[in-house]
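Visitor: Give me a 3D structure for the following:
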Amino acid sequence: MSDLYWLTGEQIERLRPHFPKSHGRPRVDDRRVLSGIIFVNRNGLRWHDAPAAYGPHKTLYNRWKRWSAAGVFIRMLPGLSAGNAERRTVMIDATYLKAHRTASSLRPQKGGLERLIGRAKGGMNIQLHGVTDANGRPFSLFMTAGQVSAYTGAAALLDSLPRAQWLLDDRGDDADWFREALQAKDITLCIPGRKSRTEAVRYDKRRYKSRNRIEILFGRLKDWRRVATRYDRWPTVFLWAHLKVCSPYLD
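Guide: Below you'll find the model as predicted:
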């Protein structure tokens, strides 16, 4: 039996509404090319090491680069991964991803985009922040440099929160300003208080146990080797292409 990955006909039909229209000549077989892109991302391969069954590696790379720049993969995430989301409860969290030497060796150009790579425990890395529904299906993902504080990530996530009744988070984001900001959005925060608080914070412990689902999401994302290790120099390429490609296929 072949170890190659192939999208099923049902999966292709789910993806098809998000494909751009073909102008001029018909595109190369979508199923073959997208299956090859997924295989490369999952196994951490270089593009020219893609198996020949998926066609020329330049075709895979060009489709991946062109569709990421056009925002095709960005539209897939809310369209598939969060289309039938359970929105009453949302969760936020962050995890560290390693930055390979090829991603961190080049200095940023003057006036260009920041690399979003920082030095933290374990070396050069980045932080991936996410917002998910109650079942751990992602609404949005974004990155910061590895040394950025949890507070900064939590503040950036506030604007991308969907309408919800509950927010589950870990105690690293416990702060009075964060609670007040959520209260202004009519969202109840379910989070343990920091150990440094003089008064204990009451929270729904039974509801809080379901927060492991967002941690499971990050664990499954890291099964994709080109996500667990960032090889791409530019953050937009890494985030728009790799993360958006793999997120819809987690179920």
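
Visitor: which residues of the stretch 51-200 of the chain fall in helices?
Guide: If DSSP state H, counting those that start in this stretch is used as the criterion, the helices of the stretch 51-200 of the chain fall at 57-69, 72-76, 101-104, 150-157, 176-184.

Visitor: which stretches of the stretch 1-150 of the chain have low pLDDT?
Guide: Flagging of the stretch 1-150 of the chain using pLDDT under 70 yields the residue ranges 1-2, 77-85, 104-114.

Visitor: ranges for the strands of it?
Guide: For the stretch 1-150 of the chain, the strands defined by DSSP state E, counting those that start in this stretch occupy 89-99, 118-120, 123-133, 138-145.

Visitor: Now the third one: buried residues?
Guide: Which is strand 123-133. Burial within strand 123-133, assessed by neighbour count using 16 or more other C-beta atoms under 10 Å, is assigned to 124-133. C-beta coordinates here come from the backbone N, C-alpha and C atoms, glycine included.

Visitor: Could you give the bridge partners of the residue lying closest to Q147 once chain neighbours are set aside?
Guide: Nearest residue to Q147 in three dimensions, chain neighbours excluded: G118, at 3.9 Å (C-beta to C-beta, 6 or more residues apart in numbering). Beta-bridge pairing of G118 under DSSP bridges involves N125.

Visitor: what residues are up against G118?
Guide: 124-126, 145-148 (C-beta atoms under 8 Å, 6 or more residues apart in numbering).

Visitor: Please apply the same query to K195.
Guide: Shown in contact with K195 (C-beta under 8 Å, 6+ apart): R171.

Visitor: cutoff 10 Å now
Guide: By C-beta atoms under 10 Å, 6 or more residues apart in numbering, the contact list for K195 reads 171, 174.

Visitor: Check it and give its pLDDT.
Guide: The model reports K195 with a pLDDT of 83.

Visitor: ok, so what distance separates it from L182?
Guide: Distance, K195 to L182, by C-beta to C-beta, to the nearest Å: 21 Å.

Visitor: And R75, by the same measure?
Guide: 28 Å.

Visitor: Who has more neighbours out of those two?
Guide: Taking neighbours as other C-beta atoms under 10 Å, R75 and L182 compare with L182 leading, 20 against 16.

Visitor: check contacts around the more buried one.
Guide: 154, 158, 161, 164, 166-167, 169, 188-189, 191.

Visitor: Restrict these to the buried ones and give me that as a ChimeraX selection.
Guide: To isolate the buried ones among the contacts of L182 in ChimeraX, judged by 16+ other C-beta under 10 Å, type:
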select :154,158,161,164,166,167,169,189,191
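
Visitor: could I get the contacts of L182 as JSON lines with pLDDT and distance to T89?
Guide: As requested, those are exported to JSON lines (pLDDT from 0 to 100; distance: C-beta to C-beta, whole Å):
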{"residue": "A154", "pLDDT": "78", "distance to T89": "17"}
{"residue": "L158", "pLDDT": "80", "distance to T89": "17"}
{"residue": "L161", "pLDDT": "82", "distance to T89": "12"}
{"residue": "A164", "pLDDT": "86", "distance to T89": "6"}
{"residue": "W166", "pLDDT": "91", "distance to T89": "4"}
{"residue": "L167", "pLDDT": "90", "distance to T89": "8"}
{"residue": "D169", "pLDDT": "88", "distance to T89": "11"}
{"residue": "T188", "pLDDT": "89", "distance to T89": "10"}
{"residue": "L189", "pLDDT": "88", "distance to T89": "11"}
{"residue": "I191", "pLDDT": "88", "distance to T89": "13"}
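
Visitor: ok, the contacts of L182 vs K65, which is closest?
Guide: L161 (31.1 Å; C-beta to C-beta).
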